[in-house]
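S.K.: fold the following, please.
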Amino acid sequence: MVAIPAVANAAERVVPIGVSIQSQIGTAVAGDVLVLEPGEHAGPVVIDKSIELRGKTGAAVVGNGKGSVITIASAGVAVRGISVSGSGPSLETRDSGIYADRTATDALIEDNTVTGNLFGIYLYGAKNSIARANRIVGLKSGRSSEMGNGVTVWNAPGAKVLDNDISFGRDGIATNASRMNVFSGNRFSHLRFAIHYMYTNDSEISGNISSGNSVGYAIMFSSRLKIMGNVSRGDRDHGLLLNTANGSQISGNIVLGEMQPVDRWLSAGIQSGEHGMPASDSDIASETENRRLGPEKCVFIYNANRNRFVDNHFENCAIGIHFTAGSEGNSMSGNAFINNRNQVKYVGTRYLDWSHEGRGNYWSDNPGFDLNGDGIADNPYRPNDLIDQVLWTAPQAKLLMTSPAVQVIRWAQAQFPALLPGGVVDSRPLMTPTSVERSTQ
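M.R.: Down below sits the predicted model:
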């Protein structure tokens, strides 16, 4: 919680409809609380003192269609309980519902309804700021490239985005050139990317739920992240995408290709955020497309190195993991691959052992036995064979799949493992999937 310092003569002042908010800010002193009466108040507003702007139920600040509606330009400001709309349309000037600039350190933006603005909330260099429990609805029409994000974080070390409900617009949370951030407990729908990560290091993405977006979590050019306890349900292209993301821990995440009821996972400990708000299915139940299968790939790994994937759950995707472009030194253990059309797609000749310290992963199509009852299959599991690699490089070869020659090749590989090509092998496959529980670390 961000606290405004107590100051002598500080007061709580009510702002009626028709009275200029800006004029009240002009006469306020640090520590004052300005309380907006219900109804529409005219924006734009610039808060350049350490005060709190709070709305009674039904209070709204409506901009004039130019610039940002509320601009925070001082340290220690709080904006709470206000409906905010009416920003300008300029990407160049970052027109936002609520805009916190470099001077807005320790800002608190909480419990607001921010609708129909170009950007919802923009943390532009606002160190240690918090955007929490806001409902953000972006633009619902137009080109994605001409829309803003729900919450944008640019070079704002220590900023946190917690327990927000974000829909429509371009990306739910977009971060660039930042560090030591926490994005936790947010819910995303009707977006391109739920979370779009660029050049943001030493940070945490945890307990978020992405439903029916193009991509759930797109992590790019970032290092030393904790990606824990997130859910992707029915995202169309990728549940989790790692592009040049290095040295990170990816644990306890769930990617479901189908929009299945989240109650199934809540019973295993999955919740939407740190503060325990349960995810709701009502937001998505009426959409006819929710029952189709997707995404194309549960996980896409491209040039991502030295990451540790532990106890994740990947189910009902066309491809469980697509692993490519020289990714090195990644550890895989305790993950569950269930009912994916192709569990793994790895186009390469190297041998990769996906087990760690005697513990592999669970594969729903593994026909192995466990005769000694130690929970580990008696034989290694190989998700791909020579025929798979031929099909990836020459898709037209699918016409030959039912031919006797293909069946002979597959039989020979089963009888003589030395004939198998390089690729992924799990030397210690698990016989049962690991229970996925929400991480609280």
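
S.K.: which element is residue 105 on?
M.R.: Assigned by DSSP states H and E, residue 105 falls within no helix or strand.

S.K.: and it, what's its pLDDT?
M.R.: On pLDDT, residue 105 comes in at 98.

S.K.: how many other residues sit next to it?
M.R.: Residue 105: 20 surrounding residues under other CB atoms under 10 Å. The C-beta positions use only the backbone N, C-alpha and C, and glycine is treated the same way.

S.K.: then residue 235?
M.R.: The tally of other residues near residue 235 (other CB under 10 Å) stands at 31.

S.K.: skipping its backbone neighbours, what lies nearest it in space?
M.R.: Of all residues not flanking residue 235 in the chain, residue 216 sits nearest, at 4.4 Å (CB to CB, 6 or more residues apart in numbering).

S.K.: secondary structure element holding that neighbour?
M.R.: Going by DSSP H and E, residue 216 is in strand 215-220.

S.K.: before we move on, the earlier item: for residue 341, see how far away the residue nearest to residue 235 is.
M.R.: Distance, residue 216 to residue 341, by CB to CB, to the nearest Å: 19 Å.

S.K.: looking at the two, which one has more neighbours?
M.R.: Legend: neighbour count by other CB under 10 Å for residue 216 and residue 341, higher for residue 216 (33 against 12).

S.K.: surely the more buried one is in contact with residue 197?
M.R.: No. If you go by CB atoms under 8 Å, residue 216 and residue 197 don't touch, sitting 11.5 Å apart.

S.K.: run through the residues that contact residue 129.
M.R.: Counting by CB atoms under 8 Å, 6 or more residues apart in numbering, residue 129 touches 100, 104-109, 123, 156, 158-160.

S.K.: hmm, try it at 6 Å
M.R.: 100, 107, 123, 159 (CB atoms under 6 Å, 6 or more residues apart in numbering).

S.K.: from the contact counts, what lies against the host helix or strand of the third one?
M.R.: Assignment of secondary structure by DSSP H and E places residue 123 within strand 119-124. Here strand 119-124 touches strand 96-100, strand 151-154, going by 3 or more CB pairs under 6 Å, 6 or more residues apart in numbering; DSSP states H and E.

S.K.: adjacent strands (with direction) for the helix or strand following it?
M.R.: Heading C-terminal from strand 119-124, the first helix or strand you meet, by DSSP H and E, is strand 130-132. Partner strands and pairing direction for strand 130-132 (DSSP bridges) are strand 108-110 (parallel), strand 160-162 (parallel).

S.K.: send the alpha carbons of stretch 178-197 over as PDB?
M.R.: Only the C-alpha atoms of stretch 178-197 are listed here, as PDB (Å, rounded to 0.1, in the frame of the first residue of the first chain):
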ATOM      1  CA  SER A 178      12.200  -2.300 -17.300                       C
ATOM      2  CA  ARG A 179      13.200  -4.500 -14.400                       C
ATOM      3  CA  MET A 180      12.100  -5.800 -11.000                       C
ATOM      4  CA  ASN A 181       8.400  -5.800 -11.900                       C
ATOM      5  CA  VAL A 182       5.600  -8.000 -10.700                       C
ATOM      6  CA  PHE A 183       2.600  -8.800 -12.900                       C
ATOM      7  CA  SER A 184       0.300 -11.000 -10.800                       C
ATOM      8  CA  GLY A 185      -3.400 -12.000 -10.500                       C
ATOM      9  CA  ASN A 186      -4.600 -10.300 -13.700                       C
ATOM     10  CA  ARG A 187      -7.300 -11.600 -16.100                       C
ATOM     11  CA  PHE A 188      -7.100 -11.100 -19.800                       C
ATOM     12  CA  SER A 189      -9.500 -11.500 -22.700                       C
ATOM     13  CA  HIS A 190     -10.100 -10.200 -26.300                       C
ATOM     14  CA  LEU A 191      -6.500  -9.200 -26.900                       C
ATOM     15  CA  ARG A 192      -3.600  -9.900 -29.100                       C
ATOM     16  CA  PHE A 193      -1.100 -10.800 -26.300                       C
ATOM     17  CA  ALA A 194      -2.200 -11.100 -22.700                       C
ATOM     18  CA  ILE A 195       1.300 -10.200 -21.500                       C
ATOM     19  CA  HIS A 196       3.900  -8.800 -24.000                       C
ATOM     20  CA  TYR A 197       7.400  -8.800 -22.400                       C
END
